[in-house]
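A.B. asks: Structure of the sequence below:
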Amino acid sequence: MIKRPTKSDLRRELEQQMADYLKQGGQITSVEQGASGLANGAYNKHQFSIGQPKQTRTAVPEVLVAIDSRRKKVPPAPQKTRQRTPRQQVIYDDFGEPLRVVWIDN
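C.D. replies: Got it, this is the predicted structure:
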């Protein structure tokens with residue numbers, strides 16, 4: 001079984017990597033609190049496309065009405081009725097000892 005590293009192991013490893021980075025001449029720059037990585041405060045608006053222009057979608061109310069009307073025409077499934085089966089009931093005496101078993105219809 002592979003042992004997962006604990007938080008303290010991960011923390012120690014991260015501190016070691018930062019120390020190695022600083023020994024090699026790397027610098028850590030501080031960033032102001034609340035600064036964003038977004039360009040001009042906006043998300044990347046360039047979306048992946050295969051070369052075709054973006055198509056606009058138009059609602060087709062006639063088709064939607066036809067689909068809804070077909071849905072309403074489907075009759076509900078009949079409810080299944082369970083047939084009641086007799087069950088056993090144990091008759092006890094005054095001392096809690098079983099006397100006999102009786103079948104009861106519900």
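A.B. asks: got the end-to-end distance for stretch 19-35?
C.D. replies: 25 Å (Cα to Cα, to the nearest Å).
A.B. asks: I'd like the average pLDDT over it.
C.D. replies: Averaged across stretch 19-35, pLDDT comes to 88.
A.B. asks: likewise stretch 5-16?
C.D. replies: Averaged across stretch 5-16, the pLDDT comes to 95.
A.B. asks: contact partners of it?
C.D. replies: Outside of stretch 5-16, no residue comes within contact range by Cβ atoms under 8 Å, 6 or more residues apart in numbering. From N, CA and C alone the C-beta is placed, and that goes for glycine too.
A.B. asks: Now it - C-alpha only, CSV.
C.D. replies: Only the C-alpha atoms of stretch 5-16 are listed here, as CSV (Å, rounded to 0.1, in the frame of the first residue of the first chain):
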residue,chain,number,x,y,z
PRO,A,5,2.3,12.2,2.3
THR,A,6,1.0,14.1,5.3
LYS,A,7,0.5,17.9,5.4
SER,A,8,3.7,18.3,7.3
ASP,A,9,5.6,16.3,4.7
LEU,A,10,4.1,18.5,1.9
ARG,A,11,4.9,21.7,3.8
ARG,A,12,8.5,20.5,4.4
GLU,A,13,8.9,19.6,0.7
LEU,A,14,7.5,23.0,-0.4
GLU,A,15,9.8,24.9,2.0
GLN,A,16,12.8,22.9,0.7
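A.B. asks: tell me the SS of residue 25?
C.D. replies: In three-state terms, and counting by DSSP: H, G, I helix; E, B strand; the rest coil, residue 25 is coil.
A.B. asks: mind checking how far it is from residue 16?
C.D. replies: Look at residue 25 and residue 16: by Cβ to Cβ, to the nearest Å, they are 17 Å apart.
A.B. asks: what number of residues lie near residue 71?
C.D. replies: 8 (other Cβ atoms under 10 Å).
A.B. asks: Verify the assumption that it is located in a helix.
C.D. replies: Yes: the assignment for residue 71 (three-state DSSP) places it in a helix.
A.B. asks: Check what pLDDT the residue in the chain sticking out farthest from the centre gets.
C.D. replies: Residue farthest from the centre of the chain, counting by Cα atoms, centre = their mean, is residue 94 at 55.2 Å. Looking at residue 94, its pLDDT stands at 91.
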